[in-house]
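>>> output the structure for:
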Amino acid sequence: MSLYRRKDSLFWWVCFTSPDGKKIRRSTGTENRQQAQEWHDRAKAELWRIHKLGDKPTFNWEDAVVRWCSEKQDKKTIDEDVSKFRWLDQFLAGRALASITRDEIVRIGEAKKAEATASTANRYLGLIRSVLRRASDHWEWIDKAPHVEKYREPKRRIRWLTPEQRAALLAALPEHQRAYVEFALETGLRQGNVVRLEWAQVDLERRLCWIFADQTKNGEPIGVPLTARAVEIITAQRGKNATSVFTYRGRPVKQANTKAWKKALRLVGLDKFRWHDLRHAWASAHVMSGTTLSELQELGSWKSEAMVHRYAHLAPDHLRRAAENSFTFWSRQSETEVNANPESHSGMVPTERFELPTNGLQNRCSTS
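All right, here's what the predicted structure looks like:
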């Protein structure tokens, strides 16, 4: 019998032989006999088309999600992908990949944008695009992936802290959290590298700590020189845990974006300040203190120069001398003409030297 019930299942099951002789036995996923019969008929018809006509089998969104998670299990952000897939289920669950259209994807993007931001919506659209492209180009499950267009994202301003804001933020944090927040401000390390730092990664005598390749964003190991203050912070953590450097009540810290962190931001008045902005604050402090962009790139382990040029506007001193060049050129030209024909230029160009007005630029730069 093609349809039957099992004692250990609420659903109807099917059992039939495919055109190539394989025995098919699986659940229909429904308790309704009529729906189960329709599922059975569609499955048999599809297998016949695949075997006799060479049609591609039909793969659903869930099939793609399972294969994606299997192939990307070593991806550092796979947990974030899984969370996104759960949200996308309300739109794509049970859908055949080939039936997903561009217009439908646009509606999904609008739904996420309405409850979050354009940037967040782009992360979801990017995941959909990646899955569908892989289904088309690698797995050959569909003939062509629909075009997915992302939203234009406004460029974010670089957030940094004044000395007063830094002091106020640290004072507003509980003691255990103050330690690793200040350590982040001293080293520029990312959140995961700070909270999961272990004693095996620290050498206090050489004033170094290192981050393993599987812990870094670019997949390469990095060595981090420790400031005198960073050494003091780590030294104060000795004896609290045999493995982890930063702890809470003797247990390793798992995350930093806690209620205490958010409360401290509200108390200090730092609106829309993220943990990652601590890294921007660290980089900004370096640049404003005279660290060159090439030195900053090495300290922050950025692969691209473009990543550190975001901070170039904070150090305009190196451009001041170049800005004077145009005035020097015109001044020399005027002096040459005056010397060659002093009578025709008398009264036009003053003989005494004069300075180019700076409109306060020098004062602002020196006080920043």
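
>>> what residues sit buried inside the host helix or strand of Cys69?
Taking DSSP states H and E as the criterion, Cys69 maps to helix 61-71. By neighbour count on 16 or more other C-beta atoms under 10 Å, the buried set for helix 61-71 is Trp61, Asp63, Ala64, Val65, Arg67, Trp68. For glycine as for every other residue, the C-beta is placed from the backbone atoms N, C-alpha and C.

>>> got the CA coordinates for it in CSV?
Extracted C-alpha coordinates of helix 61-71, given in CSV (Å, rounded to 0.1, in the frame of the first residue of the first chain):
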residue,chain,number,x,y,z
TRP,A,61,14.9,26.3,0.8
GLU,A,62,15.4,23.9,3.7
ASP,A,63,17.6,21.6,1.6
ALA,A,64,19.8,24.6,0.7
VAL,A,65,20.0,25.7,4.4
VAL,A,66,21.0,22.3,5.6
ARG,A,67,23.7,21.9,2.9
TRP,A,68,24.9,25.5,3.5
CYS,A,69,25.3,24.9,7.2
SER,A,70,27.1,21.6,6.6
GLU,A,71,29.6,23.1,4.2
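
>>> for it, which helices and strands make contact with it?
helix 78-92, helix 118-137 (3 or more C-beta pairs under 8 Å, 6 or more residues apart in numbering; DSSP states H and E).

>>> these: which one's closest to Cys209?
helix 78-92 (25.3 Å; C-beta to C-beta).

>>> what does the closest one contact?
When contacts are defined by C-beta atoms under 8 Å, 6 or more residues apart in numbering, helix 78-92 is touched by residues 61, 65, 68-69, 72, 75, 100, 104, 107-108, 111-112, 123-124, 127-128.

>>> again, but for stretch 260-276
By C-beta under 8 Å, 6+ apart, stretch 260-276 touches 159, 165, 168-169, 172-174, 177, 181, 184, 190-191, 256-257.

>>> weed out the non-buried ones from those.
Using 16+ other C-beta under 10 Å, the buried ones in these are Arg159, Ala168, Leu169, Ala172, Leu173, Gln177, Val181, Ala184, Arg190, Gln191, Ala256.

>>> which pair in those residues spans the largest distance?
Ala168 and Arg190 (23.1 Å).

>>> hmm, back to that, and of the buried residues of helix 61-71, the nearest to Arg6?
For these, the nearest to Arg6 is Asp63 (23.4 Å; C-beta to C-beta).

>>> pLDDT score for that closest one?
Asp63 is assigned 89 on the pLDDT scale.

>>> dump the residue contacts of it.
Per C-beta under 8 Å, 6+ apart, neighbours of Asp63: Leu97, Trp141.

>>> right, I'll leave it there.
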